[in-house]
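**Q** I need the structure of the sequence given here:
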Amino acid sequence: MSTLYNQAMEEMITTIHEWFDEQEKRDDLESVVKRTTLQMGIFNDIVLDYKPGRTTVDSLDLGLDDDVKSKQAGAFTEEQVRNEIGPKLVEVVQGRLDKLADTPLIDYRFTFRGKFPTTEGKLQLTLLEWINDEKRHLLLERIHTYVDKKLEHGTYPTKPLESFFLTSHLLDPKLFPELDVAWTIRQYDRIQELNQGRPEALAEHRGEITRAVTAWAENQFLPQYYDVQSSPYRTNEYSLKPGATLESNVETQAVQRLDEHEKAQTSGTQPIDLLLYAAVMILRFEPSYSKSKGVTFLELAKQLGSKRAASMMTEGSGTYAKDDIHVKTEEVECKANDVFALMTIHIRKEEPGAYQQALTFITHLLKKGFPKGYKIKLKSSVKQYLPIKGLAKSDTHRFFANALEYPELHPLLEEYAREAIQEFEFYEDTEGEKSCMPGSYATFGLGLVDERYFPLVEYYMGEVDDEHQLIQDKFIAAFVEKQGVTTQSIPALITSLRRSTDSLKLKIQSELENEEILELLVRQIQELEHYEAERVLYPIFGKVEKLTTLARKAEGRRKELLLELLQAAGNEDVHKTNKIVLCEPVKHFREVKVYKERWGELWKH
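**A** As a prediction, this is how the structure comes out:
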């Protein structure tokens, strides 16, 4: 055991020194921390994972094998690890920290953790929690200076990197032992206000805020009241601890309005308010697949006795004015709940005015930030659906199909669609092969009835997430059947085919017998990259051999145009021998498989 013990200690100590030695060789230490005054050092945490013969030390712990039971028991007992091995490893790490404390390599705090196989099972320990008080006080000064100058008295947009650090610092108990919820939320809102005119940057800032408050909720707040276990899907499962209740029986007003145009300030002073704030940020600004976590936060708050959480689940988050989320007239009644991304619409009179009011209601809310991946619960005596096979027969679909029956509402439907369309978002009541991006039903319907809306179709297809949506194929088939292949429809058709899948097959070769139409198709396709051109041509002609055969049999101008199509898809012109040669390598990795499948024997040459 003595030899084994010595070997294990030597291996772990050597690995620790190797990690520190490697980091000290970095030549970017000063430049990294000079990017912002809010970063005191690069590293604040390392994890030693002892596995005999392959021990590692890393600053990034993904925890991928934390729930995996080791097939081989460790050689040491938990008591040995805690009382003998752990303290000796701490001495080594502490010795390195003492020399590096004032360098940019080490943050104001540093945690050393370890994972060890023992005779009793896998053991995870926090071995050292170290604080550099001098750096800590300096960081606090910098935080307050930043908040005062850049946020509370600032007028210019801030940097996402600054928000990356600040949002976490404000919830760090080592920096702020007494959490001032109202003040903290006010800073988060101010960050959003200052970056309002920069949509992409604003999304980054909101992402940092949401990440910080979510981490606080999961790692600091909820474990006080709930036993937390990770499910096989790596989501948290919560069990209320016996007797757990909110620390105060006086619940404040929860989340202040997040709409930047509203001037109301939060009066929340309890940690539960920050949990509700996290829920609203997730529900309003995170992708559809993340929203379940926001709902979970509300349910957990409700279990703790939060009256506000219960109200939010029935009436919404409180983000919007009552007039925005409830409209009732003689023709229609509309209600909205952003917590569940649900709009309830009751058509009292089946007439254009009712649908006009409902569309205005929906579009207005979307402009105010209502979740775009919503769903509609419709009460209407009309059951109209778009003439497109394969779409979900949902209430959301039915509402827009009903509205499309009134031509006078088409401009309003286009306004709605352009506001609703957003990549990576999907209607809440669609899934799998029928998942579709918000704005789909309005865009498809308008594209089928009037060429004035072809530009809308092109805009829509430019935003489609073709990795997770298939229903564009259904629309393309219906579009060709309804609108044909004309000088007006070709641009929209080609843009759509760039988002099609391999399963789509179009029977439009007869329309391309018209040389004028074929030439327009060629000119449009020549503007594409080779792999895009090949993707557009496949639903029309199939494998390249079929197009090659057509080109060989054609004559005159038609032959020239077909050869130009082949060249646009990555082939040289066909010479007198009519031999087709692949002219350049495929540069797009994701298209290689498609090329091999479709170009057959030609690929080998």
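**Q** contacting residues for A401?
**A** A401 is in contact with 384-386, 441, 445, counting by Cβ atoms under 8 Å, 6 or more residues apart in numbering. For the C-beta atoms, the positions are set from N, CA and C on the backbone; glycine is no exception.
**Q** likewise Y146?
**A** Shown in contact with Y146 (Cβ under 8 Å, 6+ apart): 37-38, 162, 166.
**Q** go on, I85?
**A** I85 is in contact with 8-9, 12, 76, 116, counting by Cβ under 8 Å, 6+ apart.
**Q** and which of those is nearest F110?
**A** M12 (17.7 Å; Cβ to Cβ).
**Q** now do the helix or strand hosting that closest one, average pLDDT.
**A** Counting by DSSP states H and E, the element that carries M12 is helix 2-24. The pLDDT scores in helix 2-24 average 94.
**Q** next one: stretch 416-428
**A** Mean pLDDT, stretch 416-428: 94.
**Q** over to stretch 28-35?
**A** Here the average pLDDT along stretch 28-35 is 92.
**Q** ok, stretch 367-378 next?
**A** Across stretch 367-378, the average pLDDT comes to 94.
**Q** with only the CA atoms kept, save the helix holding M12 in CSV.
**A** Below are the C-alpha coordinates for helix 2-24, written out as CSV (Å, rounded to 0.1, in the frame of the first residue of the first chain):
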residue,chain,number,x,y,z
SER,A,2,2.9,2.3,0.8
THR,A,3,4.3,2.0,-2.7
LEU,A,4,0.9,2.4,-4.3
TYR,A,5,0.3,5.5,-2.1
ASN,A,6,3.6,7.0,-3.1
GLN,A,7,3.0,6.4,-6.8
ALA,A,8,-0.4,7.9,-6.6
MET,A,9,0.8,11.0,-4.7
GLU,A,10,3.7,11.5,-7.2
GLU,A,11,1.3,11.2,-10.1
MET,A,12,-1.2,13.7,-8.8
ILE,A,13,1.5,16.2,-7.6
THR,A,14,3.3,16.0,-10.9
THR,A,15,0.1,16.6,-12.8
ILE,A,16,-0.7,19.7,-10.7
HIS,A,17,2.8,21.1,-11.3
GLU,A,18,2.5,20.4,-15.1
TRP,A,19,-0.8,22.4,-15.2
PHE,A,20,0.6,25.4,-13.5
ASP,A,21,3.9,25.3,-15.5
GLU,A,22,2.0,25.2,-18.7
GLN,A,23,-0.2,28.2,-17.8
GLU,A,24,2.8,30.2,-16.6
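**Q** after it, next one along is what?
**A** Next helix or strand after helix 2-24 toward the C-terminus (DSSP H and E): helix 29-33.
**Q** now do whichever helix or strand comes after that following helix and helix 2-24, the angle between them.
**A** Going down the chain from helix 29-33, the next helix or strand is strand 43-49, by DSSP H and E. Angle, strand 43-49 to helix 2-24, by axes from the mean of the first three to the mean of the last three Cα atoms, to 10 degrees: 150 degrees.
**Q** show me which positions of strand 43-49 end up buried.
**A** Neighbour counts using 16 or more other Cβ atoms under 10 Å place 43, 45-49 of strand 43-49 among the buried residues.
**Q** which one of those residues sits closest to R186?
**A** D45 (29.2 Å).
**Q** so what's the closest one closest to, chain neighbours aside?
**A** T111 (4.6 Å; Cβ to Cβ, 6 or more residues apart in numbering).
**Q** so which bits of the one helix or strand that neighbour maps to are buried?
**A** Using DSSP H and E, T111 maps to strand 106-118. For strand 106-118, burial by neighbour count (16+ other Cβ under 10 Å) applies to 106-110, 112-118.
**Q** same deal with stretch 211-221?
**A** By neighbour count on 16+ other Cβ under 10 Å, the buried set for stretch 211-221 is 211-214, 216-218, 221.
**Q** what's the answer for stretch 494-507, then?
**A** Buried residues in stretch 494-507, counted by 16+ other Cβ under 10 Å: 494-500, 504, 506.
**Q** returning to that earlier point: mind picking the two most distant members of the contacts of Y146?
**A** Applying Cβ to Cβ across those, the maximum distance is between T37 and L166, 10.3 Å.
**Q** which one's more surrounded, these two?
**A** L166 (25 against 16; other Cβ atoms under 10 Å).
**Q** mind listing what the more buried one touches?
**A** L166 sits in contact with 38, 143, 146-147, 187, 191, where contact means Cβ under 8 Å, 6+ apart.
**Q** among these, find me the one that's closest to F285.
**A** I191 (12.9 Å).
**Q** quick check: next helix or strand after the helix or strand hosting that closest one?
**A** Under the criterion of DSSP H and E, I191 resides in helix 181-194. Downstream of helix 181-194, the next assigned helix or strand under DSSP H and E is helix 199-216.
**Q** list the contacts of that next one.
**A** Helix 199-216 has contacts (Cβ under 8 Å, 6+ apart) with 157-158, 160, 163-164, 167-168, 170-171, 188, 191-192, 195-196, 274, 277-278, 281-282, 285-286, 293.
**Q** for ChimeraX, what selects the buried ones among the residues you listed?
**A** The buried residues among these can be selected in ChimeraX (16+ other Cβ under 10 Å) with this line:
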select :157,158,160,163,164,167,168,170,171,188,191,192,195,274,277,278,281,282,285,286,293
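**Q** among the contacts of helix 199-216, which are in strands?
**A** Judged by DSSP state E, strands contain none of these.
**Q** take the contacts of helix 199-216 and keep only those in helices.
**A** 160, 163-164, 167-168, 188, 191-192, 274, 277-278, 281-282, 285, 293 (DSSP state H).
**Q** got any ranges where the protein has weak pLDDT?
**A** Residues of the chain that meet the criterion pLDDT under 70 lie in 1, 62-72, 232-233, 247-269, 571-605.
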